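Asker: return a 3D structure for these sequence lines:
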Amino acid sequence: MKWTKIGDVMKLFPHLKGGTRSLLVIVLAALLLEMISAIQYYYSRALLERELEARVLTELQVKGNSLFNTLNTAELKLQEHLWDIREHLDNPDSLFSVVRRMIVNNQHVVGSCLAFVPNYYPEKGRLFEPYAYEDGDSIIIEQLGMEGNHDYTKHPAFQQALIDKKPFWSEPYDYKTKDGVQKLTTFSYTLVDAKDEPIAVCGIDVSLLWLGDTLNAKHVYPSSFDLFLTKDGQLIAGPLESTVNKKRKEQVMVLINDSTVKRETVNDTEVSVIEFHDKTIDDDGYIYYTTMSKEPKWQVVVVCYDDEVYGALRSMRIYIALLMMAGFLLVGLIIHRTFTNMIRLQRVDMEKERISGELRIAQNIQMSMLPKTFPPYPGRRDIDVYGSLTPAKEVGGDLFDFYIRDEKLFFCIGDVSGKGVPAAMVMARTNSLFRLALSHDSNPARIMKTLNEVTCQNNESNMFITFFVGVLDLPTGRLRYCNAGHDKPLVIGQEGVVSLSANPHLPLAVFPDVKYEVEEMMLSRFTTLFLYTDGLTEAMDSERQQFGLQRVTNVLEEGADHDKQNDEDYCRRLIARMTERVKGFVKDAEQSDDLTMLAIQYKRVEIDAILDETLTLKNDVRQVPKLGEFIKGVMGQLEVDSKLAGKIRLAVEEAVVNAMEYAYPSDQEGNVTIRVQANGQRIKFIISDEGVAFDPTAAAKADTSLSVEDRPIGGLGIMLVRELMDSINYEREEGRNILTLRKVYK
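Answerer: Next up, the predicted model:
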């Protein structure tokens with residue numbers, strides 16, 4: 001079937017809408033143009049490849065002929081002097097002038113000799129070898145053959161010449177001169193008498209220095225280079241190392257000499273080609289080489305680089321591709337403008353639906369970041385926590401969070417300035433930063449400082465966050481906290497409802513250099529902290545009247561009775577009652593701000609101890625065996641399983657050694673006290689010292705994925721203690737470090 005227009009193709013897709021069909025047209029056109037470009041590239045590359053082969057064949061022939069002509073000229077030079085040699089055979093002394101004349105007026109011949117068979121001239125001795133050679137601008141003549149010094153009859157070339165009686169060229173060899181080392185090759189010719197018996201071997205030495213100039217005179221491409229190799233693949237001449245390094249030339253010779261390397265023949269000629277890649281040589285390219293058809297059967301090599309051969313073609317294809325893309329963009333723009341008006345109304349409806357859906361997703365994401373499982377710690381009897389957040393819009397900027405680590409309850413509440421999605425994004429970031437900061441620190445002021453420094457960065461919208469951070473030590477009831485411009489929490493205790501004394505530092509994300517300070521207080525049993533955002537006190541009714549702090553206090557006082565607080569569900573009921581009162585106050589008025597509340601009741605549980613013993617040791621690790629005996633005795637009294645007892649002993653010893661090493665300077669003596677208490681189910685070790693303040697729980701967790709050499713010192717000991725014990729807690733009280741370890745043993 002014949003298609004006359006692209007529109008004919010589109011008749012096959014009547015079900016597609018206008019925009020989709022237009023997109024299909026662009027795709028089909030792109031595929032067609034890409035196919036045309038690929039075909040064009042293929043044939044252009046083939047043309048360049050044929051051109052490369054033709055140029056290489058020409059260069060190989062030219063370089064080979066240049067070498068052959070030079071060597072052939074030297075051969076003719078020797079043959080031209082054969083009559084001169086025969087004319088002077090009767091006068092051996094005149095042969096010195098003959099060998100001198102053989103190198104005169106010959107550019108590349110640097111030496112000549114006549115090596116006679118032994119005892120040919122008895123008066124000259126067994127060996128007689130007149131020899132002439134160039135020495136600068138002079139020609140030196142000497143008798144080279146000499147017993148014990150230069151016995152040429154033992155030289156393989158001399159022996160070969162006498163046996164074969166055929167002229168031949170030697171393999172290139174290095175010859176030392178006063179100017180350095182130069183590469184030579186020798187042409188040997190066997191001189192015979194009337195009976196065809198050898199009488200001498202004539203030789204001329206040809207310098208190969210000129211080959212370097214010949215190779216570097218002209219190249220197929222500027223970066224290509226040529227080599228001359230022997231039949232065995234050894235280097236005779238090549239380009240200067242300033243243009244092609246020695247390693248590159250050696251790699252080329254390895255490829256030519258490796259019989260396993262794939263190679264092809266060029267156009268039924270004697271020329272072979274090897275395609276190399278960057279696995280062998282730094283660049284991709286081709287090695288063309290051939291062997292001279294006549295003696296000395298040396299190899300001529302031409303190396304070309306792929307980028308230089310096809311670089312222009314590849315660049316052209318890139319330019320064509322860019323032009324095609326520009327054309328497609330132009331066509332797409334025209335089609336887009338054509339359908340803009342038709343799509344606009346549909347887009348508005350879709351945008352509304354999308355925003356609505358995204359806001360629902362954002363709300364789900366935001367709420368999922370907050371604690372939502374209550375009670376959060378059903379296995380604990382010493383703490384009760386409940387919180388709630390009701391955003392004024394789909395998403396809001398309030399947050400609260402809490403987390404228990406090392407027998408400490410970390411909690412926070414915050415309020416981001418502004419509303420909607422921007423505030424929610426800042427809220428999510430702040431919440432994540434809080435979790436990250438508390439994992440490395442237990443000091444509320446340092447946590448606040450970290451949050452402030454990070455939130456000040458890239459705060460182009462100038463949004464700030466009021467924030468409150470608290471750290472409650474669950475075994476002791478010690479509360480440390482820091483306030484950054486947030487509403488003061490309310491404390492519900494035996495004295496009624498009072499505001500927590502808190503310095504009003506600047507909010508987060510205002511100035512990066514704000515100095516935050518820690519405050520603290522002790523919470524008695526059944527004391528409740530009530531934290532809230534201003535959405536509670538500033539909740540307004542239809543007459544713009546605010547709910548106010550006094551109403552909040554009144555609601556809290558209703559449940560302030562000690563007996564009512566001693567209830568597992570107290571915090572949840574407290575916030576539920578507060579929410580109900582706010583709703584009753586505002587009635588049908590629209591919620592103007594996010595409403596967030598967090599209630600924390602401290603319910604320390606004390607169980608009678610069945611064991612309470614103490615051991616005091618000097619800060620000397622040599623006393624650790626005493627600790628082992630002490631723990632062994634305690635484990636025996638409590639009838640702890642031997643395997644579990646071993647783990648407990650290992651953890652306690654590690655913690656005690658840690659205190660001995662870090663609490664006191666190396667030249668200071670001190671004591672480390674180990675107190676052990678057990679209540680029939682749980683055992684507690686209290687390790688204390690009077691050394692310098694040192695919190696082992698603040699050490700960064702060791703990265704066990706690193707090697708021993710790359711892993712920083714520290715962190716493994718405390719990580720081991722965490723793994724072996726149920727909980728670990730550090731406090732600094734009255735100048736003492738107090739580390740508490742707990743473990744359930746029954």
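Asker: look up how far Ala237 lies from Pro172.
Answerer: 8 Å (CB to CB, to the nearest Å). Just so you know, the C-beta spots here come from the backbone N, C-alpha and C atoms, and that holds for glycine as well.
Asker: equivalent analysis for Glu543, please.
Answerer: 105 Å.
Asker: of those two, who's got more company?
Answerer: Ala237 (21 against 6; other CB atoms under 10 Å).
Asker: how about the nearest residue to the more buried one, chain neighbours excluded?
Answerer: With CB to CB, 6 or more residues apart in numbering as the criterion, Ala237 has its nearest non-adjacent residue at 3.5 Å, and that residue is Leu211.
Asker: now Thr537
Answerer: Per CB to CB, 6+ apart, closest to Thr537 is Leu549, 5.2 Å.
Asker: surely the one you found touches Asp534?
Answerer: No - at 10.0 Å, Leu549 and Asp534 do not qualify as touching, with contact defined as CB atoms under 8 Å.
Asker: quick revisit: quick one, phi psi at the residue nearest to Ala237?
Answerer: phi -60, psi -40 (degrees, to the nearest 10).
Asker: got the contact list for it?
Answerer: 67, 183, 228, 236-237 (CB atoms under 8 Å, 6 or more residues apart in numbering).
Asker: list the buried residues in stretch 679-699.
Answerer: By 16 or more other CB atoms under 10 Å, the buried positions in stretch 679-699 come out as 683-689, 691, 694-697, 699.
Asker: tell me the average confidence for that stretch?
Answerer: Here the mean pLDDT over stretch 679-699 is 87, rounded to a whole number.
Asker: centre of the chain versus it, how much separation?
Answerer: 41 Å (CA atoms, centre = their mean, to the nearest Å).
Asker: how about Phe468, nearest residue that isn't a chain neighbour?
Answerer: Using CB to CB, 6+ apart, the nearest residue to Phe468 is His486, at 4.3 Å.
Asker: quick check: the one you found touching Ile413?
Answerer: Yes - with contact defined as CB under 8 Å, His486 counts as touching Ile413 (6.8 Å).
Asker: give the residues shared as contacts by the two.
Answerer: With CB under 8 Å, 6+ apart as the test, His486 and Ile413 both reach 467-468, 533.
Asker: which one of those residues is nearest Arg581?
Answerer: Thr533 (16.1 Å; CB to CB).
Asker: tell me the buried residues in stretch 725-739?
Answerer: Here stretch 725-739 shows 725, 727-731, 737-739 as buried, counting by 16+ other CB under 10 Å.
Asker: can you tell me which of these is nearest Met719?
Answerer: Using CB to CB, the buried residues of stretch 725-739 come closest to Met719 at Ile728, 10.6 Å.
Asker: confidence score at that closest one?
Answerer: So, for Ile728, pLDDT stands at 90.
Asker: name the SS class of it, please.
Answerer: What DSSP: H, G, I helix; E, B strand; the rest coil gives for Ile728 is strand.
Asker: next up, the contacts around the residue nearest to it when sequence neighbours are not counted.
Answerer: Excluding the flanking residues, the one nearest Ile728 by CB to CB, 6+ apart is Asp406, at 5.2 Å. Contact partners of Asp406, counting by CB under 8 Å, 6+ apart, are 442, 697, 727-730.
Asker: Tyr175 now?
Answerer: 181-184, 205.
Asker: just to revisit the earlier point, what's the closest of the contacts of Asp406 to Ile103?
Answerer: Thr697 (93.7 Å).
Asker: give the helix, strand or coil label for the closest one.
Answerer: Secondary structure of Thr697, per three-state DSSP, is helix.
Asker: look up how far Arg732 lies from it.
Answerer: In terms of CB to CB, Thr697 sits 12 Å off from Arg732.
Asker: same question, Glu123
Answerer: 115 Å.
Asker: how about the strands in the stretch 151-300 of the chain?
Answerer: Taking DSSP state E, counting those that start in this stretch as the test, the strands found in the stretch 151-300 of the chain are 168-169, 173-177, 180-192, 198-207, 225-229, 235-237, 264-265, 272-276, 285-291, 299-305.
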